[in-house]
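Student: Sequence first, predicted model second:
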Amino acid sequence: MLDAFRGNQALKESLQAALRAGRLSHSVLLCGEAGCGSGFAARCLAADYLYPEGGPQANAVLEGRAAECIEVRGEGASGEIRIDAVRQVRRKVFETALSANGRAVIFYGAQKMNASSANALLKVLEEPPEGVLFVLTATSAAAVLPTIRSRCAIYPIAPVTRQECVAWLRENCPNRKDPELLAAVYDGHIGRAAAAAREPQAAQSFETACQLAQAVAKGDRYRLMQLLAGYEKDKPAAARLLADLASVAAAELAGAGRFGMSAHQAARTASQCGEALQNMNRNLNQKLLLTLLAARIAR
């Protein structure tokens, strides 16, 4: 199943070799920025560990519907992985019988563990049960608590090339127009590009970011305020929009040339979006933040 994961050939060969030789660490940490596919890679690895021969059961793991693969995600708006979720995993791996193929446990976003949940998981990783593979994903190794990081074999995941991203979009999202633009804006991050091509909310965010970029190019402050006003009360949507606008600006700065932004406008927009995101995470007044952003990037 790892062959289904695009790009990162050296990573795939290393993991496949470790699986064949039976020397894969019981705890693996896959690190990559959002949209690089670390979650998909984790399921591919779990599928190959449990069902090296492939088949329907391996596909079930890949699709997240296999009982022998336990998946743990964060809760709430913060995405925090809480201690109760870790305790539940401990009970399952120590108190229930394993299948003949073993069991895999995937923790998505391990950087979102708090100290209590990390300590609870650490006890499992220090004395893991036989036949259980733990796969953790994170945005970076540095973002994971050192106690957890030190117990894992770390594998970095990189974005694919833009050409590979375009090819994937054409194959998997044939109805999406202009895959080249998505690949340029998201810079080979297939996960983010796929969301913009498939998911209504992500698609709307992408389209609004493109409209904002056009308004920046024209110095149209009124249009900027008009577009941003719809996001004053929705923090997750606003955060996604600002990240998308920063990506559009970065693509313009790299030479995409789709929206008429000058290099100065693109650099300022990317910088101001980053600053606004940081202030949003500090729970500052969202309406004021977006109003100030419109004024600053329209200059």
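Tutor: Great, that's in hand.
Student: For residue 69, give me phi and psi.
Tutor: When read as degrees, to the nearest 10, the backbone of residue 69 gives phi -120, psi 110.
Student: List the buried residues of the helix or strand residue 170 falls within.
Tutor: Element membership of residue 170, judged by DSSP states H and E, is helix 162-172. Buried residues in helix 162-172, counted by 16 or more other CB atoms under 10 Å: 162, 165, 166, 168, 169. Every C-beta, even on glycine, is put in place using the N, C-alpha and C of the backbone.
Student: Could I get the CA-only coordinates of that helix as PDB?
Tutor: Provided in PDB are the C-alpha atoms of helix 162-172 (Å, rounded to 0.1, in the frame of the first residue of the first chain):
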ATOM      1  CA  ARG A 162       4.100  20.400  -8.600                       C
ATOM      2  CA  GLN A 163       4.100  18.200 -11.600                       C
ATOM      3  CA  GLU A 164       3.300  15.200  -9.500                       C
ATOM      4  CA  CYS A 165       0.500  17.200  -7.800                       C
ATOM      5  CA  VAL A 166      -1.000  18.200 -11.100                       C
ATOM      6  CA  ALA A 167      -0.900  14.600 -12.300                       C
ATOM      7  CA  TRP A 168      -2.600  13.400  -9.100                       C
ATOM      8  CA  LEU A 169      -5.300  16.000  -9.400                       C
ATOM      9  CA  ARG A 170      -6.000  15.200 -13.100                       C
ATOM     10  CA  GLU A 171      -6.300  11.500 -12.200                       C
ATOM     11  CA  ASN A 172      -8.400  11.900  -9.000                       C
END
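Student: which stretches of the chain have low pLDDT?
Tutor: Residues of the chain that meet the criterion pLDDT under 70 lie in 96-99.
Student: Check it and tell me which residue is nearest its centre.
Tutor: The residue lying closest to the centre of the chain (CA atoms, centre = their mean) is residue 34, at 2.7 Å.
Student: hang on, the earlier thing: from the buried residues of helix 162-172, which is closest to residue 45?
Tutor: Proximity of the buried residues of helix 162-172 to residue 45 (CB to CB) peaks at residue 168, which lies at 19.3 Å.
Student: Assess the claim that the closest one and residue 190 are in contact.
Tutor: Yes - counting by CB atoms under 8 Å, residue 168 does reach residue 190; the two are 5.6 Å apart.
Student: intersection of neighbour lists for the two?
Tutor: Residues touching both residue 168 and residue 190 by CB atoms under 8 Å, 6 or more residues apart in numbering: 6, 160.
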